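Student: task: produce atomic coordinates for the following.
(chains A and B)
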Amino acid sequence: MSKDSLFSKKNRKLLSDPLDDNNPITVQVLGICSALAITVQLKPAVVMALSVLVVLSVANVVVSLMRKMIPSRIRIIVFLVVIAALVILVDQVLKAFVYDVSKELSVFVGLIITNCIICGRLEAFAMANPPGKAFLDGLGNSFGYGIILIIVAFFRELLGAGTLYGYPVLEKLGLYNLGYENNGMMILPPMALVTVGVLIWWQRSRNEKLIENN
Amino acid sequence: MNVDSNSYTFGFATMMVVIVAALLSYAAIELKPFQDTNIELEKQQNILSSIGVDVQRDLAKEVYSKYIKQEIVLNYKGEEVDGDAFEIELKKELKKANSDQVLPLFISNVDGFKQYIIPLRGKGLWGPIWGFIALEEDLNTVYGAVFDHKGETPGLGAEINQSFFQEPFIGKSIFDGETFKSIRVVKGGAPEGDNYAVDGISGGTITSDGVTDMLLERLNMYLPYITRLKTEMEEEKIITEIDSALILNDSLIQ
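Tutor: The predicted structure follows:
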């Protein structure tokens, strides 16, 4: 095992790569389902990003610790058990101590189990790397996931409902008096897909590494 | 050791399942009391907010006993029966036949006026929705309503727990003279001046319809009780009128 420090160049890349070059949503196209479903408002998007952060980093470490013990034929099942156990634990703890947050999350906590990013990272990274690196990879990918979620939710909430984090921004700016109206279409799921599409377009026009040559 | 052998795979799977099961059951048992307290306090908080009393969760218990004067249990004929109204789970009652159900009713007192609080439960788009509706002393005018849900779509159906949806219920009526009308949640907005309808939520039509159905179904179950109480009130009114007439008569004679 190489003895590089926690913040060596290689390790920093583990954190920064998923933010742009290897973003789980816009480049790997994983976790799209939740990105479409919960980006109507900023608040659930932020909470979802945080929950994924906890679950993904811990699951990555747990699987990485067990990577030499896991029989390869049932590894996917092992991943699912680890993820499901973590998600249930998080849910139970939230219900007991921060009831309001757990209500806010409701179905989303359960949805984390089906988030492809988590299974993908466990399979692609945690199974082949030591716990420290796996933890960084978990953090990096949850940031990459979270940042897209928050950007999409920002535009959908602002244009769809005229609020940000529940605060009526546009009303305070007095735009409605000038005849502006909210775009109800932004609230509906198809516009999430369009917004993600626009993001991908913008990212690729800026980052030439991502353009495929064919 | 060969981690890919059949026996190891079975052994690993068995151990893993046992450990995870033990861990989760331990967590569930340890956390249950905290969760139950939260749920109970939230119910009290919800009942209070249907009569316009907003309270922090920690204080719910105290304030609840201050405002809620009576908790009664009714059968489908509207007769009072024994039981603890607060402990009744509508989830279980709704699965029974109408004639087997028991109906909880809470009677509160705000500023010297009585309110009748009826618990509600129905179906939304993704799961159950529930709430409380408080009627004024006349058992017709809505004093307040509060709704909540398990997992309606955020930003759409989930908005039924927001005040902009709940406030328009205040002052609506459930009876047109003697006929029971309930309150409808109307897609695209309630007609101006309609006393039996409120605005629906755009994009949350199925949840809105769920609220309509829930109100109709639940309120309907209380009709026998409401009718009985109304008749009693009418009789009382007539008696007091006769009394005052008699008193007037007496004073005239003298």
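Student: any idea which residue of chain A lies closest to chain B?
Tutor: Going by C-beta to the nearest C-beta, chain B is nearest to residue A:40 of chain A, at 3.3 Å. C-beta here means a position set from N, CA and C on the backbone, and glycine is covered the same way.
Student: SS state for that residue?
Tutor: Of the three states, residue A:40 takes coil under DSSP: H, G, I helix; E, B strand; the rest coil.
Student: and it, how many neighbours?
Tutor: 27 (other C-beta atoms under 10 Å in any protein chain shown).
Student: near chain A, which residues of the stretch 51-200 of chain B?
Tutor: Remark: the part of the stretch 51-200 of chain B in contact with chain A comprises B:57, B:126, B:150, B:151, B:153, B:154, B:155, B:156, using C-beta under 8 Å from any C-beta of the partner chain.
Student: which one in the residues you listed is the model shakiest on?
Tutor: Lowest pLDDT among those: residue B:154, with 73.
Student: quick one: it and residue A:41 touch, right?
Tutor: Yes. Judged on C-beta atoms under 8 Å, residue B:154 makes contact with residue A:41 at a distance of 5.9 Å.
Student: where do the helices sit along the stretch 101-250 of chain B?
Tutor: Along the stretch 101-250 of chain B, counting by DSSP state H, counting those that start in this stretch, helices occupy B:163-166, B:205-221, B:223-253.
Student: any chance of JSON lines for those helices, columns mean neighbour count and mean pLDDT?
Tutor: As requested, these are exported to JSON lines (neighbours: other C-beta atoms under 10 Å in any protein chain shown; pLDDT from 0 to 100):
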{"stretch": "helix B:163-166", "mean neighbour count": "15", "mean pLDDT": "90"}
{"stretch": "helix B:205-221", "mean neighbour count": "20", "mean pLDDT": "93"}
{"stretch": "helix B:223-253", "mean neighbour count": "11", "mean pLDDT": "84"}
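Student: now render those helices as a markdown table, adding distance to residue A:165.
Tutor: Formatted as a markdown table, the helices of the stretch 101-250 of chain B follow (distance: least, C-beta to C-beta, whole Å):
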| stretch | distance to residue A:165 |
| --- | --- |
| helix B:163-166 | 17 |
| helix B:205-221 | 23 |
| helix B:223-253 | 43 |
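Student: which residues does residue B:225 contact?
Tutor: By C-beta atoms under 8 Å, 6 or more residues apart in numbering or on different chains, the residues touching residue B:225 are B:74, B:78, B:103, B:105.
Student: and stretch A:162-176, how far out from the chain's middle?
Tutor: 26 Å (C-alpha atoms, centre = their mean, to the nearest Å).
Student: show me what the least confident helix or strand in chain A by mean pLDDT is packed up against.
Tutor: Every helix and strand of chain A was ranked by mean pLDDT, DSSP states H and E. The lowest is helix A:99-105, at a mean of 74. Using 3 or more C-beta pairs under 8 Å, 6 or more residues apart in numbering or on different chains; DSSP states H and E as the contact criterion, the elements in contact with helix A:99-105 are helix A:42-65, helix A:75-97, helix B:6-50.
Student: now, of those helices, which is deepest in the fold?
Tutor: For the helices and strands packed on helix A:99-105, the largest average neighbour count (mean count of other C-beta atoms under 10 Å in any protein chain shown) is found in helix A:42-65, namely a mean of 21.
Student: pLDDT (mean, whole number) over that helix?
Tutor: Mean predicted confidence for helix A:42-65 is 90.
Student: tell me how far that helix is from the chain's mean position?
Tutor: Between the centre of helix A:42-65 and the centre of its chain there are 8 Å (C-alpha atoms, centre = their mean).
Student: do it and chain B meet?
Tutor: Yes. Residues of helix A:42-65 contacting chain B under C-beta under 8 Å from any C-beta: residue A:44.
Student: biggest helix in chain A by residues?
Tutor: The longest helix of chain A (DSSP state H) is helix A:131-161.
Student: does chain B sit close to that helix?
Tutor: Yes. With C-beta under 8 Å from any C-beta as the measure, helix A:131-161 is seen reaching chain B through A:157, A:160, A:161.
Student: and that helix, how far from the chain's centre?
Tutor: Remark: helix A:131-161 is offset 4 Å from the chain centroid, using C-alpha atoms, centre = their mean.
Student: now do it against helix A:42-65, angle only.
Tutor: 160 degrees (axes from the mean of the first three to the mean of the last three C-alpha atoms, to 10 degrees).
Student: follow-up on the earlier one: next secondary structure element downstream of the least confident helix or strand of chain A?
Tutor: Sequence order places helix A:107-112 as the next helix or strand after helix A:99-105, per DSSP states H and E.
Student: in the stretch 101-250 of chain B, what residue comes closest to chain A?
Tutor: Closest point on the stretch 101-250 of chain B to chain A, by C-beta to the nearest C-beta, is residue B:155, at 3.3 Å.
Student: still on that earlier bit, among the contacts of residue B:225, which pair sits farthest apart?
Tutor: The distance between the two most remote of those (C-beta to C-beta) is 9.9 Å, for B:78 and B:105.
Student: joint contacts of those two?
Tutor: Common contacts of residue B:78 and residue B:105, defined by C-beta under 8 Å, 6+ apart, comprise B:222, B:225.
Student: got the contact list for stretch B:2-17?
Tutor: A:68, A:69, A:70, A:71, A:72, A:73, A:74, A:77, A:78, A:81, B:1.
Student: out of everything not next to it in sequence, what's closest to the second one?
Tutor: Going back to what we said before, that points to residue A:69. With C-beta to C-beta, 6 or more residues apart in numbering or on different chains as the measure, residue B:3 is the residue that lies nearest to residue A:69, at 6.5 Å, once sequence neighbours are left out.
Student: distance of the one you found relative to residue A:75?
Tutor: Distance, residue B:3 to residue A:75, using C-beta to C-beta, to the nearest Å: 10 Å.
Student: which strand is the longest one in chain B?
Tutor: As assigned by DSSP state E, the longest strand anywhere in chain B is strand B:113-123.
Student: and that strand, how far out from the chain's middle?
Tutor: Worked out by C-alpha atoms, centre = their mean, strand B:113-123 lies 4 Å from the chain centre.
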